[in-house]
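**Student:** mind folding the following:
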Amino acid sequence: MIVATDAATAAATRFARQTPSGSTIWRSNYFGPSPSPEGSASVDPTADAPAYVDPAPGERRPPQAFLVQQEPGAVVHPHFHYVDQF
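**Tutor:** This is a model prediction of the structure:
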(Lines give C-alpha, C1' and ligand atoms only; values in the text may rest on other atoms or scores of the structure.)
Protein backbone atom coordinates (compact mmCIF):
# COMPACT_ATOMS: atom_id res chain seq x y z
CA MET A 1 0.00 0.00 0.00
CA ILE A 2 1.38 3.40 -0.96
CA VAL A 3 0.53 6.33 1.29
CA ALA A 4 1.43 9.85 0.24
CA THR A 5 0.52 13.49 0.80
CA ASP A 6 1.73 16.58 -0.97
CA ALA A 7 3.57 19.37 0.87
CA ALA A 8 0.75 21.89 0.41
CA THR A 9 -1.75 19.59 2.13
CA ALA A 10 0.67 18.92 5.00
CA ALA A 11 1.48 22.63 5.34
CA ALA A 12 -2.19 23.31 6.09
CA THR A 13 -1.82 21.21 9.27
CA ARG A 14 1.26 23.07 10.57
CA PHE A 15 1.06 24.33 14.14
CA ALA A 16 3.52 25.57 16.77
CA ARG A 17 4.36 24.58 20.33
CA GLN A 18 6.54 26.26 22.91
CA THR A 19 9.17 24.25 24.76
CA PRO A 20 9.68 24.82 28.48
CA SER A 21 12.77 26.89 27.59
CA GLY A 22 10.70 29.17 25.31
CA SER A 23 11.83 27.84 21.92
CA THR A 24 9.31 27.19 19.16
CA ILE A 25 8.76 23.82 17.50
CA TRP A 26 6.44 23.37 14.51
CA ARG A 27 4.83 20.17 13.29
CA SER A 28 3.14 19.37 9.97
CA ASN A 29 1.23 16.08 9.66
CA TYR A 30 1.63 14.21 6.37
CA PHE A 31 -0.37 11.03 6.96
CA GLY A 32 -1.41 8.52 9.57
CA PRO A 33 -2.48 9.11 13.13
CA SER A 34 -1.28 12.31 14.73
CA PRO A 35 1.63 11.58 17.09
CA SER A 36 0.04 13.76 19.78
CA PRO A 37 -2.79 16.29 20.07
CA GLU A 38 -1.93 19.90 19.22
CA GLY A 39 -2.59 21.02 22.78
CA SER A 40 -0.60 18.28 24.49
CA ALA A 41 2.48 18.95 26.57
CA SER A 42 4.53 16.34 24.73
CA VAL A 43 7.48 18.73 24.34
CA ASP A 44 7.64 19.19 28.14
CA PRO A 45 9.60 16.39 29.85
CA THR A 46 8.05 17.25 33.22
CA ALA A 47 4.48 16.73 31.96
CA ASP A 48 2.66 13.47 32.61
CA ALA A 49 3.04 11.38 29.48
CA PRO A 50 0.72 8.52 28.60
CA ALA A 51 2.07 5.07 29.31
CA TYR A 52 3.23 3.07 26.30
CA VAL A 53 1.01 0.12 25.45
CA ASP A 54 2.32 -2.72 23.29
CA PRO A 55 0.15 -3.61 20.28
CA ALA A 56 -2.37 -6.37 20.94
CA PRO A 57 -1.66 -9.70 19.21
CA GLY A 58 -2.42 -9.16 15.52
CA GLU A 59 -2.95 -5.40 15.92
CA ARG A 60 -1.56 -3.37 13.02
CA ARG A 61 -0.85 0.26 13.69
CA PRO A 62 -0.95 2.41 10.55
CA PRO A 63 2.18 4.25 9.38
CA GLN A 64 2.56 7.92 10.17
CA ALA A 65 4.69 10.69 8.75
CA PHE A 66 5.12 14.22 10.01
CA LEU A 67 7.68 16.99 9.71
CA VAL A 68 9.15 18.67 12.80
CA GLN A 69 10.89 22.01 12.40
CA GLN A 70 12.47 23.80 15.33
CA GLU A 71 14.37 26.93 16.23
CA PRO A 72 18.12 26.61 16.82
CA GLY A 73 18.70 25.32 20.34
CA ALA A 74 15.20 23.90 20.74
CA VAL A 75 15.24 20.52 22.47
CA VAL A 76 12.85 17.62 21.93
CA HIS A 77 13.35 15.33 24.91
CA PRO A 78 13.36 11.51 24.65
CA HIS A 79 9.89 10.09 24.09
CA PHE A 80 8.11 7.26 22.26
CA HIS A 81 5.57 6.80 19.49
CA TYR A 82 2.84 4.18 19.26
CA VAL A 83 3.98 3.15 15.78
CA ASP A 84 7.32 1.74 14.63
CA GLN A 85 9.86 4.48 13.97
CA PHE A 86 12.49 4.38 11.25
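**Student:** apart from its neighbours in sequence, what residue is nearest residue 33?
**Tutor:** Spatial nearest neighbour of residue 33, excluding adjacent residues (CB to CB, 6 or more residues apart in numbering): residue 64 at 5.6 Å. For the C-beta atoms, the positions are set from N, CA and C on the backbone; glycine is no exception.
**Student:** typed the wrong thing, it's residue 74
**Tutor:** residue 23 (3.5 Å).
**Student:** ok, residue 8 to residue 68 distance?
**Tutor:** Noted for residue 8: a distance of 18 Å to residue 68, by CB to CB, to the nearest Å.
**Student:** those two: who's more crowded?
**Tutor:** Of the pair residue 8 and residue 68, residue 68 is the one with more neighbours under other CB atoms under 10 Å, namely 13 against 7.
**Student:** residue contacts, the more buried one?
**Tutor:** Going by CB atoms under 8 Å, 6 or more residues apart in numbering, residue 68 touches 25-27, 76.
**Student:** cool, and residue 46?
**Tutor:** Residue 46 makes contacts with residue 20, as judged by CB under 8 Å, 6+ apart.
**Student:** what about this protein, any weak spots by pLDDT?
**Tutor:** 37-45, 49, 85-86 (pLDDT under 70).
**Student:** please, where are all the strands along it?
**Tutor:** Ranges of strands in the chain, per DSSP state E, are 15-18, 24-31, 65-70.
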